[in-house]
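1. Whatever this is, show me its structure:
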Amino acid sequence: MIKFFRIIRKQLLSEGKTSKYLKYAIGEIVLVVIGILLALQINNWNENRKKQKLKDVYINALVHDLKQDTLDLGLSIRRMKSDLKVLKQFNLRISKKNATIDTLKHIARFEYSPYFYPDNSVNNNTYTTLTSTGNMDLLDPWLSDALLVLNNNQEQSIKIIDVNINLHLSALANYIQKYNPIKGKPFLMGTDLFESYGPLDDYIWDNANDIDLISEFTGILTSKGSMEQIIIWRRENLLKETSKLLDTINAVYKTKE
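-> Residues are numbered from 1 along each chain as shown. Presented below is the predicted three-dimensional model:
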């Protein structure tokens, strides 16, 4: 093509057709500019296609994370509500007029379980990747803003829940050390290291100071109940926010996740 244009130029110059040559030169320049513009357009189209493809990957990954969070949060809430219901039943039983120290001892020794599921994490792998790689700009502004708000609420919830878990664990550690309330109950990830002290276990409970036991056991019930109520409250708020964002993403992008 270049050789063809060169031949035409030489022919026009040799024939002395200057005006036609100038028109031809201008036309050639226009063609070159059009070619450059087309190349740039194709390049931009390819880049946009790559970005759209990457955006779709991130959207699907976000949907997966959010969906998993709704499942995890829902399971955690159900578990804690179930345990909180048991704690309330304990409180009702030891608050009755006919309740005795033996009632409390039986609950504390054979029914109360100190175990709870302390996991306090969220599925934010995709959000972390987006921020660390600088690819957050691939997302629509409304989605970037929504993810930022959700992430801030997640981090705030994690901090609040961690504080309350640690407060309860501190009280729980003292109670366990004194009364060994884990005989035959799942604790410490299922280990049977402290399953029973044998005859010494009976000795502990038979010789426990009644006043101290009443105070400490009701205190540990209150501590665990308060912790679980706070966790339920925080996780229900997160579940509501996560579900709402998930529904919006599915509606806007018609995802198949």
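2. Please make it C-alpha for all contacts and neighbour counts, starting now.
-> Fine.
3. From the chain's centroid, how far away is the host helix or strand of Ser226?
-> Using DSSP states H and E, Ser226 falls within helix 210-253. Its chain's C-alpha centre and that of helix 210-253 lie 15 Å apart, by CA atoms, centre = their mean, to the nearest Å.
4. Residues in contact with stretch 123-140: which ones?
-> 51-52, 55, 58, 61-62, 65-66, 68-69, 144, 147, 151 (CA atoms under 8 Å, 6 or more residues apart in numbering).
5. Now with 7 Å, please.
-> Lys51, Lys55, Tyr58, Ala61, Leu62, Asp65, Asp69, Ser144 (CA atoms under 7 Å, 6 or more residues apart in numbering).
6. Repeat that for stretch 90-102.
-> For stretch 90-102, the surrounding residues in contact (CA under 7 Å, 6+ apart) are Thr103, Leu104, Asp210.
7. returning to that earlier point: for the helix holding Ser226, give the mean pLDDT please.
-> The average pLDDT for helix 210-253 rounds to 95.
8. Quick one: list the elements packing against the strand or helix carrying Asn166.
-> Using DSSP H and E, Asn166 sits within helix 141-179. Contacts defined by 3 or more CA pairs under 7 Å, 6 or more residues apart in numbering; DSSP states H and E place helix 141-179 against helix 210-253.
9. now do 10 Å
-> Here helix 141-179 touches helix 125-133, helix 199-206, helix 210-253, going by 3 or more CA pairs under 10 Å, 6 or more residues apart in numbering; DSSP states H and E.
10. can you tell which of the ones you listed is closest to His168?
-> The minimum distance between His168 and the helices and strands packed on helix 141-179 falls on helix 210-253, with 5.8 Å, by CA to CA.
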